[in-house]
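1. build me a model from this:
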Amino acid sequence: MPKSINLLCLDVGEKRIGVAVGDNLVRIAVPFETIMVDGSEIEAIAELVVNEKADLLIIGYPRNQSGEATAQSKFVEDFAAKLSDIAPKIVFQDESLTSVIAEQRLISYKKPYSKGDIDAAAAAIILQDYIEEHYA
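-> Predicted structure coming up:
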């Protein structure tokens, strides 16, 4: 039987960071929480890595419609560099349109939602894309 790999995914923004969790065996990404970017986010992520026993940290990578890196891509790369001592392994996953898709899904549920809910749902979409590309 294959070894279970715990996956933690971040949708990094300048105000909030959406978080999702999953693993390679169940192969279902689940929105987990939202972390506010207030100076304590690195510590909060470190705590999540430990508490969730994360083997791999997947970080959403923004690109423009042509697939090229943007200023936000650089922001995410710089943020990921701050996590290099925290996470066992970090990989990037394209996050194109995930926030738009996440919000459309939340609207379809016909229940109130917050911007944080969008970020966590977007992280789950990023993670699900990663899972389908690498463990399907």
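2. least confident secondary structure element in the protein?
-> The helix or strand of the chain with the lowest confidence, counting by mean pLDDT, DSSP states H and E, is helix 98-108 at a mean of 93.
3. counting by contacts, list what that one packs against.
-> The contact analysis (3 or more CB pairs under 8 Å, 6 or more residues apart in numbering; DSSP states H and E) places helix 98-108 against helix 115-135. Just so you know, the C-beta spots here come from the backbone N, C-alpha and C atoms, and that holds for glycine as well.
4. could you pull up the mean pLDDT of the helix it packs on?
-> Across helix 115-135, pLDDT averages out at 96.
5. again, but for stretch 40-47
-> For stretch 40-47, the per-residue pLDDT values average out at 98.
6. can you pull out the strands in this structure?
-> For the chain, the strands defined by DSSP state E cover 6-12, 16-23, 30-36, 56-61, 90-94.
7. export those to CSV and tack on mean pLDDT and mean neighbour count?
-> Listed next are the strands of the chain as CSV, based on pLDDT from 0 to 100; neighbours: other CB atoms under 10 Å:
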stretch, mean pLDDT, mean neighbour count
strand 6-12, 98, 26
strand 16-23, 98, 24
strand 30-36, 97, 19
strand 56-61, 98, 23
strand 90-94, 97, 16
